[in-house]
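Q: Here is a sequence together with a model predicted from it:
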Amino acid sequence: MKNINKLALLLSLGALLPVAASAKTLEQAYIDSCKKGPDVPVPVSVVSPHATGYDIGTTVKVEFVVDTTGHTADISIKSATDRDFADAVVDAVKEWRFTPALHNGAPVATKVVLPVRVVEAPKASSLLALN
């Protein structure tokens, strides 16, 4: 397995304005912002956790493997401030798809560690940050 890669994006209130103006979903903005390259798995489809009612700062650190087909596997919670939110994050990550990382031109399984944090009063589940 390759080294742990951190896919990161911090969506603050200021960062949400250009997204809203361009009518781009937060999920697409996240995908567009991710590091691209053969040595990291690149997200091609993500969904936000289906969760409402969590305080700003509620966080979950999730770890998973992107397998050679681009699916997520071996999903586990490394830390969480709320168990229900952690469960919602795991359910969302199960639906994510990636272009797998490559080593010598062949797809390889890669471990990913991703903190997910609520950044605005969650009136809608899409107001989450993947950072």
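A: Here it is on my side, so go on.
Q: most remote residue from this protein's center?
A: The outermost residue of the chain relative to its centre, with distances by C-alpha atoms, centre = their mean, is residue 104 at 26.0 Å.
Q: how close does that residue get to residue 38?
A: In this view, residue 104 and residue 38 are 10 Å apart by C-beta to C-beta, to the nearest Å. Any C-beta I mention is one placed from the backbone N, CA and C, and that applies to glycine too.
Q: Residue 91: neighbour count?
A: Burial of residue 91 is recorded as 14 neighbouring residues (other C-beta atoms under 10 Å).
Q: doesn't residue 60 make contact with it?
A: No: counting by C-beta atoms under 8 Å, no contact exists between residue 91 and residue 60, whose distance comes to 11.6 Å.
Q: What sits closest to residue 101 if chain neighbours are left out?
A: The shortest distance from residue 101 to any residue that is not its chain neighbour, by C-beta to C-beta, 6 or more residues apart in numbering, is 4.3 Å, and that residue is residue 110.
Q: And the pLDDT for the one you found?
A: Confidence at residue 110, expressed as pLDDT, is 94.
Q: Only the buried residues of the helix or strand hosting residue 61, if you could.
A: Per DSSP states H and E: residue 61 is located in strand 59-66. Within strand 59-66, the residues that qualify as buried by neighbour count (16 or more other C-beta atoms under 10 Å) are 59-66.
Q: Run through who's touching stretch 70-81.
A: When contacts are defined by C-beta atoms under 8 Å, 6 or more residues apart in numbering, stretch 70-81 is touched by residues 41, 44, 57-67, 86, 89-90, 93-94, 96-100, 107, 109, 113.
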